[in-house]
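Asker: Please find the sequence and the predicted model below.
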Amino acid sequence: MNSIKGKAALSNSEGKFSIEEIEVFPPNAGEVLVKIMAAGLCHTDYDSLSWKAPLILGHEGAGIVEAVGENVKSVKPGDKVILNWSMPCGTCFQCGNGNQNLCEDNSPVTSGAQYEGFPLSGGHVPVERTLYKGQGVRRSFNLGTLSTHTVVKEEAVVKFETEIPFSSASIIGCGVVTGYGSAVNVAKVKPGSSVAVIGTGGVGLNVIQGAKIAGAEKIIAIDVNPSRLEMALQFGATHIFQTPKEDMELAAAKKYVFGLTENRGADYAFECTAIPALGAAPLNLIRNAGMALQVSGIDDTIPFDMKLFQFDKVYVNPLYGNSKPKIDFPIMLNLYKNKSLLLDEMVTKTYALEELDVAFADMLAGKNAKGVIVF
């Protein structure tokens, strides 16, 4: 098989990107060549422009297998696949303890070195498999889905046969599984419980969906954007509260939540904004012995008032919703098939690759539940 000429969104060291021609080579042993049909967008894709490492953007995607290397057994050419960046090796300490999302060998987040915030190792395919102007180029989270083609490890793809648009399937691999998994796998939200969700972007909306599927009785969505709160109602929120932008303590939201929960606080609260000042906020919304989850991936140093942890409160910072893609993706696809998990409705707008700048602008303005690049 000869190399393939394609296009990709390529960042540079100046915090910008451009659409460039690339050359993608056939897969080696244990690798899979995927023709990307759709790529979901999230804030991490925009944030990666500041990583100061030239790389192909994108970490959510779905497509069609075009070729496989030796020893690849789970997929074959022609199979439809969803990509994931949490690639378990199956043999390390964490995988052996059931924490595939924390794989010590393949995870681009928990293993290897960092270069200006960009994960360099863990589950990567040699950069020489993709060339730009004759030089090997890295792929974001070892996927680089904002590209017509990508070569990834076999562990990065999950085959599916469900009738679903590629645009809807593409968002499962990060935004959906992170939100849904945080509610279902990590918090293990109980039927009849109360849930507060701070931030109703793509991840927050899927926390709401997960809480609804788990049987929560009260799901309280909190945001500054009224249009996003309307979206929250569509995806399962039972109550919404528009918090003032200047109220970083969420004092008004706390009063509202406590008023709905017998002045006790929610059983669970999820932070989904990625705003450092709100890192401790979920602790302020839960009852004693409740659970607070910081889902958005804040990694700044922030001060904590230890009184927020009283009494017996639990604070968790989960990665990837503690999900196992080969197990959880089929579950979510079945929920989609049964119309319990809304995915088509979450894709607010689709764009061509050449419209990526417009897609980023719409995302930053909060216009979409999810925007998707369709090839």
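Answerer: Thanks, I have it.

Asker: thought Asn12 was touching Pro54?
Answerer: Yes. Counting by CB atoms under 8 Å, a contact exists between Asn12 and Pro54, whose distance comes to 5.6 Å. C-beta: built from backbone N, CA, C; applies to glycine.

Asker: residue boundaries of the helices in the stretch 151-300 of the chain?
Answerer: For the stretch 151-300 of the chain, the helices defined by DSSP state H, counting those that start in this stretch occupy 166-170, 175-181, 202-214, 226-234, 251-260.

Asker: And for Phe329, the neighbour number?
Answerer: Phe329 sits with 23 neighbouring residues when counted by other CB atoms under 10 Å.

Asker: Could I get the buried residue list for the host helix or strand of it?
Answerer: When secondary structure is defined by DSSP states H and E, Phe329 falls within helix 325-337. Judged by neighbour count (16 or more other CB atoms under 10 Å), helix 325-337 contains these buried residues: 325, 328-333, 335-336.

Asker: which residues sit in contact with Ala156?
Answerer: Ala156 makes contact with 32, 83-85, 87, 123, 142-143, according to CB atoms under 8 Å, 6 or more residues apart in numbering.

Asker: So which of those wins on neighbours?
Answerer: The member of those surrounded by the most neighbours (other CB under 10 Å) is Leu143, with 33 neighbours in all.

Asker: any idea how far that one lies from Asp45?
Answerer: Leu143 sits at a distance of 11 Å from Asp45 (criterion: CB to CB, to the nearest Å).

Asker: got it, and Gly69?
Answerer: Summarising the geometry, the distance separating Gly69 from Asp45, computed by CB to CB, is 27 Å.

Asker: likewise Ala214?
Answerer: Taking CB to CB as the measure, Ala214 falls 28 Å from Asp45.

Asker: Check Ile220 too.
Answerer: With distances taken as CB to CB, Ile220 is found 29 Å from Asp45.

Asker: sorry, back to before: tabulate the buried residues of helix 325-337 in a markdown table, adding columns for pLDDT and distance to Phe304.
Answerer: Putting the buried residues of helix 325-337 into a markdown table (pLDDT from 0 to 100; distance: CB to CB, whole Å) gives the following:
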| residue | pLDDT | distance to Phe304 |
| --- | --- | --- |
| Pro325 | 95 | 33 |
| Asp328 | 97 | 31 |
| Phe329 | 98 | 35 |
| Pro330 | 98 | 39 |
| Ile331 | 98 | 35 |
| Met332 | 98 | 34 |
| Leu333 | 98 | 39 |
| Leu335 | 98 | 36 |
| Tyr336 | 98 | 38 |
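
Asker: tell me which of the residues you listed is nearest to Thr91?
Answerer: Thr91 lies nearest to Pro325 out of the buried residues of helix 325-337, by CB to CB, at 16.9 Å.

Asker: residues in contact with the closest one?
Answerer: The contact partners of Pro325, taken as CB under 8 Å, 6+ apart, are 82, 84, 86, 100, 158, 173, 177.

Asker: does the first one have beta-bridge partners, and which?
Answerer: The residues paired with Ile82 through beta bridges, assigned by DSSP bridges, are Ala62, Val158.

Asker: ok, it touching Gly173?
Answerer: Yes. If you go by CB under 8 Å, Ile82 and Gly173 touch, sitting 5.3 Å apart.

Asker: Mind checking which of the two has more residues around it?
Answerer: More neighbours sit around Gly173 than around the other of Ile82 and Gly173, counting by other CB under 10 Å; the figures are 31 against 28.

Asker: so that one makes contact with Gly63?
Answerer: No. Under the criterion of CB under 8 Å, Gly173 lies out of contact with Gly63, with a separation of 11.0 Å.

Asker: which residues are common contacts for these two?
Answerer: Residues within reach of Gly173 and of Gly63 at once, by CB under 8 Å, 6+ apart, are Leu83.

Asker: Give me the neighbour count for Gln100.
Answerer: Residues near Gln100, counting by other CB under 10 Å: 26.

Asker: Assess the claim that it and Phe93 are in contact.
Answerer: No. Gln100 lies out of contact with Phe93 (CB under 8 Å); the separation is 11.8 Å.

Asker: ok, Gly78 - how many residues close by?
Answerer: Using other CB under 10 Å as the criterion, the residues surrounding Gly78 number 8.

Asker: My guess is it contacts Val65. True?
Answerer: Yes. In this structure, Gly78 sits in contact with Val65. The criterion is CB under 8 Å, and the distance is 6.5 Å.

Asker: got the buried residues of helix 325-337 as CSV, with distance to Ser18 columns?
Answerer: Below are these laid out as CSV (distance: CB to CB, whole Å):
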residue, distance to Ser18
Pro325, 31
Asp328, 35
Phe329, 32
Pro330, 37
Ile331, 38
Met332, 34
Leu333, 35
Leu335, 38
Tyr336, 35
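
Asker: Tell me the one among these nearest to Tyr315.
Answerer: Each of those was scored against Tyr315 by CB to CB, and Asp328 proved nearest at 23.5 Å.

Asker: how near is the closest one to Val158?
Answerer: 9 Å.

Asker: before we move on, what about Ala365?
Answerer: From Ala365 across to Val158, the span is 32 Å (CB to CB).

Asker: more neighbours, these two?
Answerer: The residue with more neighbours, out of Ala365 and Val158 and counting by other CB under 10 Å, is Val158; that gives 24 against 10.
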